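[1] Structure of the sequence below:
(chains A, B, C, D and E)
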Amino acid sequence: MFIGKVVGTVWATKKVENLKNLRFLLVQPVDIEKEETKSIVVAADPLGAGPGELVLVSFGRAARLACGNENISIEAAVVGIIDSIEMNRLAFKNAVETFDEIKKRLEERGVKIDETGNS
Amino acid sequence: MFIGKVVGTVWATKKVENLKNLRFLLVQPVDIEKEETKSIVVAADPLGAGPGELVLVSFGRAARLACGNENISIEAAVVGIIDSIEMNRLAFKNAVETFDEIKKRLEERGVKIDETGNS
Amino acid sequence: MFIGKVVGTVWATKKVENLKNLRFLLVQPVDIEKEETKSIVVAADPLGAGPGELVLVSFGRAARLACGNENISIEAAVVGIIDSIEMNRLAFKNAVETFDEIKKRLEERGVKIDETGNS
Amino acid sequence: MFIGKVVGTVWATKKVENLKNLRFLLVQPVDIEKEETKSIVVAADPLGAGPGELVLVSFGRAARLACGNENISIEAAVVGIIDSIEMNRLAFKNAVETFDEIKKRLEERGVKIDETGNS
Amino acid sequence: MFIGKVVGTVWATKKVENLKNLRFLLVQPVDIEKEETKSIVVAADPLGAGPGELVLVSFGRAARLACGNENISIEAAVVGIIDSIEMNRLAFKNAVETFDEIKKRLEERGVKIDETGNS
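    Numbers count the residues shown, from 1 in each chain, chains lettered A, B, ... in the order given. Next up, the predicted model:
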């Protein structure tokens, strides 16, 4: 699964019959690369996520299960709306980049990180 | 799923028996990277999409379901023809890049973006 | 699915029992990136494609269906031998790169493109 | 499967019904690229891995099997907690980069490599 | 499927129950990019491949079939040990890069290429 931000909606009147009544969101993956990835993923949304919200997205059969129907032509769906992301400072102890650099970069993209492991 | 633009057609006379009577489109993925991705994806087309149209493409079993036959040798298919793409200005509020830069870049590639969240 | 060119053959005497009597081709994906991708994909070949031919390759269950046996340890197969690729000039009308640049780049790699949409 | 380091946790109160009682970890893939990949993968964790631990992650149905339920909306899960990674010096004999450069780079990221094949 | 070189072994005492008695190899993908890809793939090994050997790796259900058990939490496995790789000189006739450059680059990485199509 990956974490993404809901940035828009896609509308398609003409579509495969089994896709009626589904909502399709534009989701921008959130990663911690220096150069932000801006691939657009379209995900079905059974949870009613709003613009700007961080969501958890699953692919494949997992996505169809999330929509309650295994026989629909989707392979990506929002499966959770994220309350918080915790990153552990100690897990980065020997890393090339420090926790603080990564945290700062994510915050510039509007993603707040809670810190654990600092005691 | 991803958004792509139909840019052509692929013809193959000699093919696996279960692929007779299918139409194969060349689809160029649309993303918002600075350097446009130009990977060619070939997708079966059960909807009759025309050149230049924006389409929604699904992979795997979802694609076979779209063609109405689970036992064909494809793993990508057009599942919708896109009417409009809305992007939410507020979702980009704290992002490194602004909504306007992304919108401009997509429009240079022929993709019109409707704007929401600007009130 | 993707378009690739057959550039070689892989031989493996010691292999999983269910792979006996299959032919494995080296396939170089054809895309329109400025820097050519040179990832090597190995695909089973139920069609008898020859070196230098352009082929259509499917992944996953689609590949096993192409080989007529769902219980073999492959996840890529040649599903068609490509006669011609048509690209539509009008589909690129507003694109950053022109049809002619892309066509030229593909032809330098030995891929001939037929043109439609020029009237 | 890939090797990753547990760097955090993701919390989502509102989620698809079949995801209740699952723990979601942030896992940073470990590879040996010069530029570290920092894509965030979210994986369900049936094993109770702790921050900073190296884990083995599987995708797709393999992940659902690891969680003991094929009907949940996940497609990535921790399937093992790694004790040690051995790399074979001789396997790199003719490589462009030497074993020692790769070992050093991984150790800078907190990944200890045991060496074999040096006799 | 892809071609990789066995460069090590991964040990995990604590793992999902269905993974007991499986051997996990570190496999480095072999491609012909100028910059070598150094993503680490972990693959189950039902064939007993040794360090430095070139192997064919399959993903997904194909991998589970190779291990003789569809209900294990793996999605990559060694399915063949490669004897030789033939590349066809003529298939590269119009390519930007020549056969000889690619052959040389692979040999620097310890991969010997047999040549066909030169008559």
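
[2] Which strands and helices lie in contact with the helix or strand bottoming out on mean pLDDT in chain A?
    Lowest on mean pLDDT, DSSP states H and E among the helices and strands of chain A sits helix A:99-108, with a mean of 83. On a contact count with 3 or more Cβ pairs under 8 Å, 6 or more residues apart in numbering or on different chains; DSSP states H and E, helix A:99-108 meets strand A:84-88, strand A:113-116. In short, each C-beta sits where N, CA and C put it, glycine included.

[3] tilt between the longest strand along chain A and strand D:2-11?
    Among all segments of chain A classified by DSSP state E, the strand with the greatest residue count is strand A:2-11. Taking axes from the mean of the first three to the mean of the last three Cα atoms, to 10 degrees, strand A:2-11 and strand D:2-11 form an angle of 70 degrees between their directions.

[4] Provide the strand pairings for strand A:2-11, with the direction of each partner.
    strand A:24-29 (antiparallel), strand A:54-59 (antiparallel), strand B:84-88 (antiparallel) (DSSP bridges).

[5] Domain map for chain A?
    A:2-83, A:84-119 (automatic domain parsing).

[6] Tell me which of the ones you listed sits most buried.
    domain A:2-83 (a mean of 21; mean count of other Cβ atoms under 10 Å in any protein chain shown).

[7] Distance check, the nearest residue to residue A:30 once chain neighbours are set aside against residue D:22.
    The shortest distance from residue A:30 to any non-neighbouring residue, by Cβ to Cβ, 6 or more residues apart in numbering or on different chains, is to residue A:3 (4.7 Å). Per Cβ to Cβ, to the nearest Å, residue A:3 is found 15 Å from residue D:22.

[8] contacting residues around the residue nearest to residue A:30?
    Counting by Cβ atoms under 8 Å, 6 or more residues apart in numbering or on different chains, residue A:3 makes contact with A:29, A:30, A:54, A:55, A:56, A:57, A:82, A:85, D:10, D:40, D:42.

[9] these two touch, right, the second one and residue A:111?
    Yes: the pair residue A:30 / residue A:111 is scored as a contact, 5.6 Å apart, by Cβ atoms under 8 Å.

[10] about what we covered before: need the least confident one among the helices and strands packed on helix A:99-108, by mean pLDDT.
    Note on the helices and strands packed on helix A:99-108: lowest mean pLDDT is at strand A:113-116, with a mean of 89.

[11] And the pLDDT at the residue in chain A positioned nearest to chain C?
    Using Cβ to the nearest Cβ, the closest approach of chain A to chain C is made by residue A:60 at 10.0 Å. You'll see residue A:60 listed with a pLDDT of 98.

[12] wait, isn't it in contact with residue A:75?
    Yes: assessed by Cβ under 8 Å, residue A:60 is found in contact with residue A:75 at 5.5 Å.

[13] For the residue of chain A closest to chain C, list the residues it contacts.
    So residue A:60 contacts A:75, B:60, B:61, D:60, D:75 (Cβ under 8 Å, 6+ apart).

[14] circling back to that earlier point, so which of the contacts of residue A:3 is the closest to residue C:103?
    residue A:29 (32.0 Å; Cβ to Cβ).

[15] how far away is the closest residue to the closest one other than its chain neighbours from residue B:70?
    Using Cβ to Cβ, 6+ apart and skipping the chain neighbours, the partner closest in space to residue A:29 is residue A:4 (4.9 Å). As judged by Cβ to Cβ, residue A:4 and residue B:70 stand 29 Å apart.

[16] same deal with residue A:29?
    29 Å.

[17] Check residue A:43 too.
    23 Å.

[18] Hmm, residue A:67 is touching residue A:78, no?
    No: the criterion here is Cβ under 8 Å, and residue A:67 misses it with residue A:78 at 9.6 Å.

[19] partners of residue A:25 in the sheet?
    residue A:9, residue A:43.

[20] how about the strands paired with strand A:2-11 in JSON lines, adding distance to residue B:101?
    Converted to JSON lines, those look like this (distance: least, Cβ to Cβ, whole Å):
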{"stretch": "strand A:24-29", "distance to residue B:101": "14"}
{"stretch": "strand A:54-59", "distance to residue B:101": "22"}
{"stretch": "strand B:84-88", "distance to residue B:101": "12"}
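
[21] who wins for proximity to residue E:100 among these?
    So among these, strand A:24-29 is nearest, using Cβ to Cβ, at 39.7 Å.

[22] Alright, I will stop here.
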